[in-house]
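**Student:** sequence plus predicted model, see below.
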Amino acid sequence: IPSGYAYDPAVNLEWSGTAPTITHIHGAQLNPGDSFEVNVILELIRTDGSYVNWANYSEIKSMADVTGQIDVSSQDVDSDPNSDTAGERAVTPGSTLDNNITDITKAGDQDDHDPAGPNVFDLAQRKTVVTAGPYTYGQEVDFRITVFNQGNVTAQNVLITDYIPSGFAFVSAYGWTFDGVNKATQNITSTIRPGDSTFLLIKLRVLPNLASSTAYTNISEISSATDTTNTPRVDIDSNPDTVVDNDGDPIDDSVTDPSDEDDHDPAMIEIFDLALRKSLITASPYTYGQTHQYRIVVFNQGNVTAQN
């Protein structure tokens, strides 16, 4: 049982042992030309991605004669039971030798050993701030967008959309295409193999804002992706698109939390900016000795709560 599955013995009563290796004994005779089948129930779980994390192999371990007393495993004419060789492991689900029960040699693939497993397409991305603070208006800030392949299918043509909030202006750098309003896109044409990652940088200029709490929260998202045949793929645990606010409340930097759409991530810089305006409230005309009242208004124009 590979790392991409959880095994529950309570629902697999025909099996014994503990994961990752479990066994089933077929006690009845298996006559020439006959067959039998047995099912195993496994729960698909999230991993960091690999070609083999969901490749589930089974093998004939041993067999006895009709008395049940004499082990005849070594007598199999074209396979070595319980060998689990590198050649057998080289056969992957869906490959040419998968499901082959007519192999007549003990080299490479052997017909007592076979895999099965699903294709899992799963991309995630994490966004972080590269440029260290404190920050000033007009300063250019770099953000890093890292894309992870958490599945077992090689990905390419990964389209990233960056949603630029009101506290930033787009800076033409690093190969992005800007829509002239508030979105920038870039297509990652290189391949991302299972378990691997790649990253992009985007540069934005800090602008003053009118106290919007989200003005300095920059969000990016995977908008689409294909496999190496340029076939669009559906992500197993997220819905790639170009809509900034339809992914719920993001969990910052998470690429494994099931409550978070992991193709979507924010990164924020802290801007502490207080301003003051003073005005005379007492109306004219004025006379010496008169008491005047002034109003002082303090504005929080940043995104950090102030006190004292």
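**Tutor:** Received the coordinates, thanks.

**Student:** what's the pLDDT at R89?
**Tutor:** Looking at R89, its pLDDT stands at 91.

**Student:** number of nearby residues for the closest residue to it other than its chain neighbours?
**Tutor:** Spatial nearest neighbour of R89, excluding adjacent residues (CB to CB, 6 or more residues apart in numbering): Y57 at 7.0 Å. C-betas here are computed from N, CA, C, even on glycine. When counting by other CB atoms under 10 Å, one arrives at 18 neighbours for Y57.

**Student:** which strands or helices does the host helix or strand of Y57 pack on?
**Tutor:** Following DSSP states H and E, one finds Y57 within strand 56-59. Applying 3 or more CB pairs under 8 Å, 6 or more residues apart in numbering; DSSP states H and E, one finds that strand 56-59 makes contact with helix 86-89, strand 113-116.

**Student:** which parts of that strand are buried?
**Tutor:** Neighbour counts over strand 56-59 (16 or more other CB atoms under 10 Å) mark N56, Y57, E59 as buried.

**Student:** what's the spacing between the second one and S83?
**Tutor:** What that stands for is Y57. Separation of Y57 from S83 (CB to CB, to the nearest Å): 12 Å.

**Student:** find the residues that touch each one of these two.
**Tutor:** Common neighbours of Y57 and S83 (criterion: CB atoms under 8 Å, 6 or more residues apart in numbering): H113.

**Student:** quick one: pLDDT of T256?
**Tutor:** With respect to pLDDT, T256 scores 58.

**Student:** now swap in the one 5 residues further on and tell me
**Tutor:** At E261, the predicted lDDT confidence score is 61.

**Student:** same question, I296
**Tutor:** The model reports I296 with a pLDDT of 98.

**Student:** check the secondary structure at it for me.
**Tutor:** strand (DSSP: H, G, I helix; E, B strand; the rest coil).

**Student:** where's the residue lying closest to it once chain neighbours are set aside relative to I70, distance?
**Tutor:** Of all residues not flanking I296 in the chain, K278 sits nearest, at 5.1 Å (CB to CB, 6+ apart). Plainly put, K278 is 101 Å away from I70 if you go by CB to CB.
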